[in-house]
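Visitor: Next come a sequence and a model predicted from it.
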Amino acid sequence: MFDSKGIVLGVDPGLSHCGYGAIRRAPSGPESLAYGEISTDPASDVAERLLVLADELTELIEGLAPTVLVVERILFQNNAKTAISVGQASGVVLLTAARVGIPVVIYSPNEVKLAVTGSGAAPKRQVQLMVTRLLNLEAVPGSPDAADALALALCHLQSAHLRSLGDATKSAPGLVNAISAALARESAS
């Protein structure tokens, strides 16, 4: 599901602010191609805001031509209003990807934190700092949603790399299995 030379587009769904981050593997390590956020006007009707999100995401996908889109699994949130709007935005992201024929991969927040920081319980600030470091960015992304989207893309790049190592190193399946088991434990907790 991933071409090692392809572009990974991470999307952190949100109705007011939808973060995005596009990266690819380069000889020197992961390389950031674009990141930012799609914002919608809170004063507008929800249907209009979802349409704006879909249109801007479609334009972004057409411009970047990613080979895979990565989103975060929605987990229960204490605020029902926030959970509903994030769910609506996530649905638009998934529908948009399906319409343009891009495969979608979904990771849990713990999987993303583990891949980027080494700890599934890392605080948001640590994730932002590691994204900045891993991508050699000049500064922490101004939008936390963009940083989260870049973290999603990095998680997928790391996961794809581990899968390719598993394919290429049949003599060391124990290491790959141990890492996969650790990821599974993190996502279950």
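Guide: Received it, and whenever you're ready, just let me know what you need.
Visitor: Which neighbouring elements make contact with the strand or helix carrying Q88?
Guide: Here Q88 sits within helix 80-100, counting by DSSP states H and E. In terms of contacts (3 or more Cβ pairs under 8 Å, 6 or more residues apart in numbering; DSSP states H and E), helix 80-100 is packed against helix 46-64, strand 68-72, strand 104-107. Heads up, the C-betas are built off the backbone N, CA and C, glycines and all.
Visitor: Check these for me and report the most buried one.
Guide: Counting by mean count of other Cβ atoms under 10 Å, strand 68-72 has the highest mean neighbour count of the helices and strands packed on helix 80-100, with a mean of 24.
Visitor: Who are the packing partners of that strand?
Guide: In terms of contacts (3+ Cβ pairs under 8 Å, 6+ apart), strand 68-72 is packed against strand 7-12, helix 80-100, strand 104-107, helix 144-168.
Visitor: Can you say which of those is packed in most?
Guide: strand 7-12 (a mean of 28).
Visitor: ok, back up a step: quick one: average confidence on the helix holding Q88?
Guide: Helix 80-100 shows an average pLDDT of 92 in the prediction.
Visitor: can you check stretch 118-128 too?
Guide: In this model, stretch 118-128 has a mean pLDDT of 92.
Visitor: Keeping just the C-alphas, turn that stretch into CSV.
Guide: The C-alpha trace of stretch 118-128 is given here as CSV (Å, rounded to 0.1, in the frame of the first residue of the first chain):
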residue,chain,number,x,y,z
GLY,A,118,9.3,6.3,21.2
SER,A,119,6.5,6.6,23.8
GLY,A,120,2.8,6.0,23.2
ALA,A,121,2.0,8.4,26.1
ALA,A,122,4.1,11.4,24.9
PRO,A,123,2.6,14.8,25.4
LYS,A,124,1.5,16.9,22.4
ARG,A,125,4.5,19.3,22.8
GLN,A,126,7.0,16.4,22.7
VAL,A,127,5.4,15.2,19.4
GLN,A,128,5.6,18.7,17.9
